[in-house]
Structure formats: structure tokens, C-alpha cells
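[1] Fold the following and give me the result.
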Amino acid sequence: MLGAPSIFFPVLILALWTIGVLVLVGYTRIRAAVQGAVKVSDFRFGESSAVPERVRLINRNYMNLLEVPVLYYVVCVVTYVVGAVTSTIVFLAWLYVALRIAHSCVHLTYNNVLHRLYVFVASNIVLLVLWIAVALHLASMR
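    Okay, here's the model as predicted:
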């Protein structure tokens with residue numbers, strides 16, 4: 001049987017990936033300011049239209065990593081708490097992480113909207129399957 005804490009390894013990787021993108025946000029903002037492409041005041045209310053597209057894009061990717069993945073973090077914790085960790089669940093957790101990283105890679109490199117959409121939809125399907133698996137486990141505990 002798979003050790004229950006194994007559900008947290010993919011969680012750790014996604015959290016580290018998110019922190020890495022956050023560092024990239026800071027780096028690109030500081031670099032843009034040093035190069036004179038932006039003023040500090042351009043960030044007073046988030047990002048103004050004066051902020052270069054590349055800087056805005058990286059920040060948008062970071063925000064993406066803080067939106068739907070919150071449901072992923074919660075389902076992983078719930079899976080652990082209710083004792084629903086199986087090899088299938090852990091595989092799905094890793095698949096979700098791989099798809100979110102792929103989404104970031106597409107977004108931050110060539111940014112093909114359709115490719116990004118396909119990966120985004122696939123990741124959300126995996127997330128839905130994770131939640132269904134937890135719901136079925138909870139239902140079986142009754």
C-alpha cells in the first residue's frame with residue numbers, strides 16, 4: 001500500500017513551481033524598472049497599461065497558479081485526512097501538477113492560446129476526477 005504522505009510530494013512540487021514563477025515576476029518587474037520600461041507607480045494598483053506585455057504575462061501566469069490550483073491543494077489535503085490516498089489518486093495528483101507546469105510552459109514561451117486551453121481543460125478534468133474520487137470515498141464511509 002502506498003504511504004498516505006505521498007500525496008504531498010506533487011503538492012510540494014506545484015508549490016515550488018508557483019514560488020519559482022513568483023520569483024520570475026519579481027525579476028522581470030525589477031528588470032523592467034531598471035531598464036526604464038516602467039515606473040514604480042505603474043504597479044500602484046496592480047499593473048497599468050504602461051507595463052510591458054512580457055511582464056504582465058508572467059504575472060498573469062502567477063495568478064493562474066493561485067486560482068484553480070487552490071482546489072487541488074484542498075482536495076489533496078482532504079484525500080489525506082479521510083484516508084483516500086491510493087496509487088491512482090497519487091498518479092492523478094502528479095498528472096495535475098504536470099499539466100499545470102505544461103500550462104505555464106506554454107503560457108510563458110510561445111503562448112499558443114489553443115494549446116494552453118487544451119492543457120488547461122485537461123488539468124481541470126483531472127481535478128474534477130480527483131474530487132469525484134474523494135466524494136466516492138466519503139460516500140463509501142457512510
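
[2] C-alpha only now, for contacts and for neighbours.
    OK.

[3] Just the pLDDT at the residue nearest to the spatial centre of the chain, thanks.
    Nearest to the geometric centre of the chain sits Leu65, at 3.4 Å (C-alpha atoms, centre = their mean). pLDDT for Leu65: 98.

[4] Tell me who's in contact with it.
    18, 100 (C-alpha atoms under 8 Å, 6 or more residues apart in numbering).

[5] Please report phi then psi for it.
    Here is the backbone geometry of Leu65 (degrees, to the nearest 10): phi -70, psi -10.

[6] What distance do you get for it to Val113?
    17 Å (C-alpha to C-alpha, to the nearest Å).

[7] Do I have it right that Ser6 meets Thr88?
    No: counting by C-alpha atoms under 8 Å, Ser6 does not reach Thr88; the two are 11.6 Å apart.

[8] now the helices for this structure?
    8-34, 53-64, 69-81, 87-108, 113-140 (DSSP state H).

[9] by contact count, what packs against the second one?
    Which is helix 53-64. Applying 3 or more C-alpha pairs under 8 Å, 6 or more residues apart in numbering; DSSP states H and E, one finds that helix 53-64 makes contact with helix 8-34, helix 87-108.

[10] Which elements pack onto the last one?
    I take that to be helix 87-108. helix 8-34, helix 53-64, helix 113-140.
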